[in-house]
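Enquirer: show me the folded form of this:
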Amino acid sequence: MSADTETNTPASPADHWEARYAQSTRVWSGRVNATMAAVVAPLPKGTNGTALDLGCGEGGDAVWLAEHGWQVTAVDISPTAVARGAQGAAQRGVAERITWIAHDLSTWTTEQTFDLITASFFHSTVEFPRTEILRRVVAQVNPGGHLVLVTHVFESEADIPPWASRRDDGTPHMPHMPGPDHDVNELALDPRHWQIVTSEIRTREATGPDGVQTATLKDGVVVATRLN
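Expert: Alright, predicted model coming up:
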């Protein structure tokens, strides 16, 4: 039993996510988020082709970005996840194209600017200042650059895949996962400097961790371009 269980004190985001990654050899598939890849593939790389991947996890998106010509900074709160990402990048021959950083994004800052900032499924089961983080990092997008957000969207219990966590009675636990328009409203980007190119829900077919169960999932997509 952990100290958090004994005291009923919620784990910090850092402790929660490090424990999540450390308790298994791999949490995610290592493959790129298909929706993110489809959205980013046609985007111009700008002057420097620099990209920032927020909450990079075990690096599936960061490695894909590097393989497609981006110079990537990948940040995640879990040192274990970041180490796995770096290992995967080395195995796929793109280690020199990715800078890996293990840091809590609620306090992480950088003076570097980027032609692309991505955040795929940048959610947490323990509270963290997601909107505050996103509002802060948009200042690091170069003119002509892009912010790309891909989120889960759960509008009803029917949207939750069968492999998701369940309550004791077998019904799915439904976290608060609003659509992309909610993110647009929360970010409140200045229209004098930003254009919302996309705010939509896309569906995709997905296979669960057991490789057998399938479901149709909804992804929220926001693409914003910095004008100046």
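Enquirer: helices along this structure, start to end?
Expert: 3-7, 13-22, 34-40, 60-67, 79-91, 130-137, 180-187 (DSSP state H).
Enquirer: mind listing residues that contact the fifth one?
Expert: When contacts are taken as Cβ atoms under 8 Å, 6 or more residues apart in numbering, the neighbours of helix 79-91 outside the stretch itself are 17-18, 21-22, 26-27, 30, 56-60, 62-63, 66, 74, 76, 95, 97-98, 100-102. Placement of C-beta: from N, CA and C, glycine included.
Enquirer: just list the residues touching residue 222, thanks.
Expert: Taking Cβ under 8 Å, 6+ apart, we find residue 222 in contact with 147, 148, 149, 151, 180, 183, 184, 196, 198, 199.
Enquirer: apply 6 Å and report the result again.
Expert: 149, 180, 183, 199 (Cβ atoms under 6 Å, 6 or more residues apart in numbering).
Enquirer: who does it bridge with?
Expert: With DSSP bridges as the criterion, residue 222 is bridged to residue 149, residue 199.
Enquirer: repeat for residue 226
Expert: With DSSP bridges as the criterion, residue 226 is bridged to residue 194.
Enquirer: which of the helices of the chain has the lowest average pLDDT?
Expert: Of all the helices of the chain, mean pLDDT reaches its minimum on helix 3-7 (a mean of 38).
Enquirer: pLDDT below threshold where in this structure?
Expert: The chain contains residues with pLDDT under 70 at 1-10, 26-30, 170, 172-174.
Enquirer: try 80
Expert: Within the chain, the ranges that satisfy pLDDT under 80 run 1-11, 20, 22, 24-30, 125, 163, 165-178, 208-211.
Enquirer: report the contact partners of the residue nearest the centre of it.
Expert: With distances taken as Cα atoms, centre = their mean, residue 120 lies nearest the centre of the chain, 2.7 Å away. Applying Cβ under 6 Å, 6+ apart, we find residue 120 in contact with 33, 36, 61, 150.
Enquirer: which of the residues you listed lies closest to residue 140?
Expert: residue 61 (17.6 Å; Cβ to Cβ).
Enquirer: run a quick neighbour tally on that closest one.
Expert: 30 (other Cβ atoms under 10 Å).
Enquirer: and if you look at residue 64?
Expert: Residue 64: 22 neighbours (other Cβ under 10 Å).
Enquirer: verify the stated contact: it with residue 33.
Expert: No - at 8.4 Å, residue 64 does not count as touching residue 33 under the criterion of Cβ atoms under 6 Å.
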